[in-house]
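> Dropping the sequence and predicted coords here.
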Amino acid sequence: MRLALSGGQSANSLPEEGFSRLEHLPGLCCQAAGGEPDWADELALAWLIFFAAAHLIDSVQDADDPQAWWIERGESVALSAFSGLYFSASLALKAMSLHPVTQAKADEIARDFYRAFLLMGSGQHADLTLPSLTLEQYWQQADTKSGIFFSLACRTGARLATAEKARLEAFASFGRHLGILIQITDDLDDIYPPKDAGVYGQRRPFARSLPVVYALEVYPAQQAGRLKDCLRDAPLIAAAAQEALGLVDQSGAAEYVSVVIEQHKSYALHALELAKPRQPAGDELAALVREF
């Protein structure tokens, strides 16, 4: 379980510095809303462990490259670690009810967490059962699987310090757009091969990443069909993988992705402005967005 939380060495895991930035998100939102960052300690711990659990189960279900610590013993070990992470995070949430500052909001926040997980689970189920994605379906799933989770961190962190509905909605919107930006970045990583791999497209998310979904949406039937053929052969044939990347590039996907990244950065920063954050926490939250 400790290895699962650390992120291991998998190509599809967030880098260690990414984890260290994210762990401060609930506390930063609490501080930005007028509270103290340490009010969110148990909340941040729960959110981060849930994050690791969700990332682990997503890797197993998407047939991503196994992390080193469970590659030999198989998926059952990863699923066992997922269970331990999930219940550990639940205990961390429960601990909020033991502290005077957070106990009055603990039940409300726990309900928010589990409601979000149900929505995220529906998004993951759709991702696993839909044979392919339209661009509209892609954005729905990006919101459900990533936007909701980061919205949760920001809204609940802020809730520890304020009950103002408009500000809470603004913090939630900020987190939603931040989460979608993270999802887009993960998709771009899926375009490239794992370390020491010989060919592209070895992971399932390659064919469901935003650039590929966009290319399939805008291409006429003949070119879209050729791209699908290349995607089918890419895991085994390097030439097919290279052709798939070429077709994606020719579709204008890079320009489209650049535009939507700038849009979501703008939406996130506007939402943060509406939240009227206290400084310097507000500047630190804005810096997270400007990194993309």
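In hand now; what should we look at? Residues are numbered from 1 along each chain as shown.

> Near the closest residue to Gly34 other than its chain neighbours, how many other residues are there?
Nearest non-adjacent residue to Gly34, counting by Cβ to Cβ, 6 or more residues apart in numbering: Ala161, 4.5 Å away. Just so you know, the C-beta spots here come from the backbone N, C-alpha and C atoms, and that holds for glycine as well. If you count neighbours by other Cβ atoms under 10 Å, Ala161 ends up with 24.

> how close does Leu119 get to Ala287?
28 Å (Cβ to Cβ, to the nearest Å).

> For those two, indicate the residue with more neighbours.
Set Leu119 next to Ala287 and count neighbours by other Cβ under 10 Å: Leu119 wins out with 16 against 11.

> That one contacts Ile148, doesn't it?
Yes: contact criterion Cβ atoms under 8 Å: Leu119 and Ile148 qualify, at 5.5 Å.

> Show me the helices in the stretch 1-150 of the chain, by range?
Applying DSSP state H, counting those that start in this stretch to the stretch 1-150 of the chain gives helices spanning 2-6, 16-22, 25-32, 41-61, 75-94, 103-129, 135-142, 148-159.

> which other helices and strands contact the longest one?
The criterion is 3 or more Cβ pairs under 8 Å, 6 or more residues apart in numbering; DSSP states H and E, and the helices and strands that helix 103-129 contacts are helix 41-61, helix 75-94, helix 135-142, helix 148-159.

> if you set the cut-off to 6 Å instead, what comes out?
Contact analysis of helix 103-129 by 3 or more Cβ pairs under 6 Å, 6 or more residues apart in numbering; DSSP states H and E lists helix 148-159 as its packing neighbours.

> which ones are touching Ala116?
Residues counted as contacts of Ala116 (Cβ atoms under 6 Å, 6 or more residues apart in numbering) are Ile148, Leu152.

> Tell me, what's the model's pLDDT at it?
Looking at Ala116, its pLDDT reads 92.

> Over to Arg167?
At Arg167, the predicted lDDT confidence score is 98.

> My understanding was that it contacts Leu274; is that so?
No: Arg167 is beyond contact range of Leu274, at 7.8 Å (criterion: Cβ atoms under 6 Å).

> of the two, who's got more company?
Applying other Cβ under 10 Å to Arg167 and Leu274 shows that Arg167 carries more neighbours, namely 21 against 15.

> Please identify the buried residues of stretch 254-264?
Tyr256, Val257, Val260, Ile261, His264 (16 or more other Cβ atoms under 10 Å).

> confidence score at the second one?
Yep, that's Val257 we're talking about. 94.

> which ones are touching it?
For Val257, the contact set (Cβ under 6 Å, 6+ apart) comprises Leu210, Pro211.

> That one sits in which helix or strand?
Following DSSP states H and E, one finds Val257 within helix 253-274.

> And the contacts of the helix or strand following that helix?
Next helix or strand after helix 253-274 toward the C-terminus (DSSP H and E): helix 281-290. With Cβ under 6 Å, 6+ apart as the test, helix 281-290 has contacts from Leu28, Gln31, Ala32, Lys265, Ala268, Leu269, Leu272.

> By neighbour count, which of these wins?
Top of these by neighbour count (other Cβ under 10 Å): Ala32, with 30 neighbours.

> Next one: that residue from Gln183, what distance?
From Ala32 across to Gln183, the span is 23 Å (Cβ to Cβ).

> for Glu169, same thing?
Distance of Glu169 to Gln183, given as Cβ to Cβ: 21 Å.

> Quick check on those two: which one has the bigger neighbour count.
Set Glu169 next to Gln183 and count neighbours by other Cβ under 10 Å: Gln183 wins out with 22 against 16.

> Verify the stated contact: that one with Asp143.
No: here Gln183 does not reach Asp143: they are 8.6 Å apart, not a contact under Cβ under 6 Å.

> for the protein, where's the lowest mean pLDDT among helices and strands?
None of the helices or strands of the chain scores lower by mean pLDDT, DSSP states H and E than helix 2-6, at a mean of 44.

> Report the contact partners of Leu98.
With Cβ under 6 Å, 6+ apart, Leu98 has no contacts at all.

> any idea how far it is from Leu79?
Where Leu79 is concerned, Leu98 sits at a distance of 30 Å (Cβ to Cβ).

> pLDDT value on the closest residue to Ile57 other than its chain neighbours, please?
Of all residues not flanking Ile57 in the chain, Phe82 sits nearest, at 5.0 Å (Cβ to Cβ, 6+ apart). pLDDT for Phe82: 82.
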